[in-house]
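Engineer: Sequence first, then the predicted structure:
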Amino acid sequence: MEIERKFWLTAFPTDYPEIVHLETDQGYLANVPVTVRIRRSRNCATGDCTYILCIKSKGTLSRHEVETPIERSQFEELAGMLDRPMVHKDYHAYRLPDGHVLECSEVDHGAFSYAEVEFESEEAANAWEPLPCLGKELTYDKRFTMGSYYLNGFVPDPNETE
């Protein structure tokens, strides 16, 4: 089970230690009723790459997620099935003083940026106070998913209502 809150990010934080920096490319093989995604991540410190097949159920704050490592050849075969270019993300993870990890991503070289924090329970997620560096909360706004961005090629203004 994945339990996370998502936020618009206006600036990357500078007050917390960075624990990982990745360059990722991901594409979506299906988006309804479940999301099926492939991802290649390159660790910027080591150059090592990982390849993941991910399946996610519908949901906002909580949803079921299964991530499976795959071989590079499998990733490339699946990538050949995509009907559009993959999304590129510059991903940084930071350790917060409360022990949580703040995951920040700049999408497609500045198209937009967002942040996520994962939690062990919905109660912990709902009790958590957002940091000053985080903008509008997007957790419950279904317009702000990476799958939606992949299909539509844009992200709406977070201050506009549906």
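Structural biologist: Yep, that arrived.

Engineer: Dump the longest strand along the chain to PDB, keeping only the CA atoms.
Structural biologist: Across the chain, the longest stretch assigned as strand under DSSP state E is strand 18-30. Once non-C-alpha atoms are left out, strand 18-30 reads as follows in PDB (Å, rounded to 0.1, in the frame of the first residue of the first chain):
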ATOM      1  CA  GLU A  18      19.900  15.200   0.200                       C
ATOM      2  CA  ILE A  19      19.900  11.400   0.300                       C
ATOM      3  CA  VAL A  20      19.600  10.600  -3.400                       C
ATOM      4  CA  HIS A  21      19.600  12.300  -6.800                       C
ATOM      5  CA  LEU A  22      18.200  10.400  -9.700                       C
ATOM      6  CA  GLU A  23      17.500  11.100 -13.400                       C
ATOM      7  CA  THR A  24      14.500   9.100 -14.400                       C
ATOM      8  CA  ASP A  25      12.500   8.400 -17.600                       C
ATOM      9  CA  GLN A  26       9.100   6.800 -17.300                       C
ATOM     10  CA  GLY A  27       6.300   5.800 -19.700                       C
ATOM     11  CA  TYR A  28       2.800   4.600 -19.200                       C
ATOM     12  CA  LEU A  29       1.500   1.400 -20.800                       C
ATOM     13  CA  ALA A  30      -2.000   1.800 -19.300                       C
END
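
Engineer: Any buried residues in it, and which?
Structural biologist: For strand 18-30, the neighbour count (16 or more other C-beta atoms under 10 Å) marks Leu22, Thr24, Asp25, Gln26, Gly27, Tyr28 as buried. C-beta here means a position set from N, CA and C on the backbone, and glycine is covered the same way.

Engineer: now the residues you listed in a markdown table, with pLDDT and distance to Thr46?
Structural biologist: Below are the buried residues of strand 18-30 laid out as a markdown table (pLDDT from 0 to 100; distance: C-beta to C-beta, whole Å):
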| residue | pLDDT | distance to Thr46 |
| --- | --- | --- |
| Leu22 | 98 | 10 |
| Thr24 | 98 | 15 |
| Asp25 | 98 | 17 |
| Gln26 | 97 | 20 |
| Gly27 | 96 | 24 |
| Tyr28 | 95 | 27 |
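
Engineer: I appreciate the help and will end here.
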